[in-house]
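Asker: sequence-free structure coming up:
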């Protein structure tokens, strides 16, 4: 099953050009693998709910600053209304992504080895932060920022994600 999923990801990566997906466009479909070896099929995994998608890596200080806010977003909106989907990408062998996800301690969908998925979305920098609406369209993606990693940028992204979720719900 893992070989099949890996092959599908590779084929999707070859078929989809590495160009950023524009807001309003249909989010690229893909099949990934979670940390227990199960398949994650996108867009069916979103189940009609707005989904916050974060492309992250263990070495990313911006990701580490934002994850507690992501936990608060999940707590405040609830699993019944939204999904949180974290996709490990551009991991440079610096850490243990499975252990990191395990320690987050809130309901989420976690995908391992998501470089091909990141390429399909045109993600060049980590974290990639976006929201897909319940119909599978890209509703929002974060803009570039010169803010340093830490509380200020994490609070900015928290506010932006919440504004977009409020608009979609």
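Answerer: Perfect, thanks for sending it. Because the structure is a prediction, the values reported are computed rather than measured. Residues are numbered from 1 along each chain as shown.
Asker: what does whichever strand or helix holds residue 162 rub up against?
Answerer: Per DSSP states H and E, residue 162 falls inside helix 151-168. Helix 151-168 is touched from outside by 50, 52, 62, 65-66, 68-69, 72-73, 76-77, 82, 129, 131, 133-134, 139-140, 142, 145, 147, with contacts defined as C-beta atoms under 8 Å, 6 or more residues apart in numbering. The C-beta positions use only the backbone N, C-alpha and C, and glycine is treated the same way.
Asker: Low-confidence stretches in the protein?
Answerer: 1-20 (pLDDT under 70).
Asker: Strands of that one, start to end?
Answerer: With DSSP state E as the criterion, the chain has strands at 30-33, 39-42, 51-56, 83-88, 109-111, 128-132, 138-141.
Asker: Quick check: which of these is buried the most?
Answerer: Neighbour counts (mean count of other C-beta atoms under 10 Å) averaged over each of the strands of the chain peak at strand 51-56, with a mean of 25.
Asker: Output the contacting helices and strands for it.
Answerer: When contacts are defined as 3 or more C-beta pairs under 8 Å, 6 or more residues apart in numbering; DSSP states H and E, strand 51-56 packs onto helix 61-77, strand 83-88, helix 115-121, strand 128-132.
Asker: can we see that at 6 Å?
Answerer: strand 83-88, strand 128-132 (3 or more C-beta pairs under 6 Å, 6 or more residues apart in numbering; DSSP states H and E).
Asker: I'd like those strands as a markdown table, with distance to residue 98 appended.
Answerer: Converted to a markdown table, these look like this (distance: least, C-beta to C-beta, whole Å):
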| stretch | distance to residue 98 |
| --- | --- |
| strand 83-88 | 9 |
| strand 128-132 | 20 |
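Asker: close enough to count as contact, residue 138 and residue 25?
Answerer: Yes - using C-beta atoms under 6 Å, residue 138 makes contact with residue 25 at a distance of 5.5 Å.
Asker: Please identify every residue contacting each of those two.
Answerer: Listed as contacting both residue 138 and residue 25 by C-beta atoms under 6 Å, 6 or more residues apart in numbering is no residue at all.
Asker: What count of nearby residues applies to the residue lying closest to residue 67 once chain neighbours are set aside?
Answerer: Spatial nearest neighbour of residue 67, chain neighbours left out: residue 104 (6.2 Å); criterion: C-beta to C-beta, 6 or more residues apart in numbering. If you count neighbours by other C-beta atoms under 10 Å, residue 104 ends up with 16.
Asker: Thank you, goodbye.
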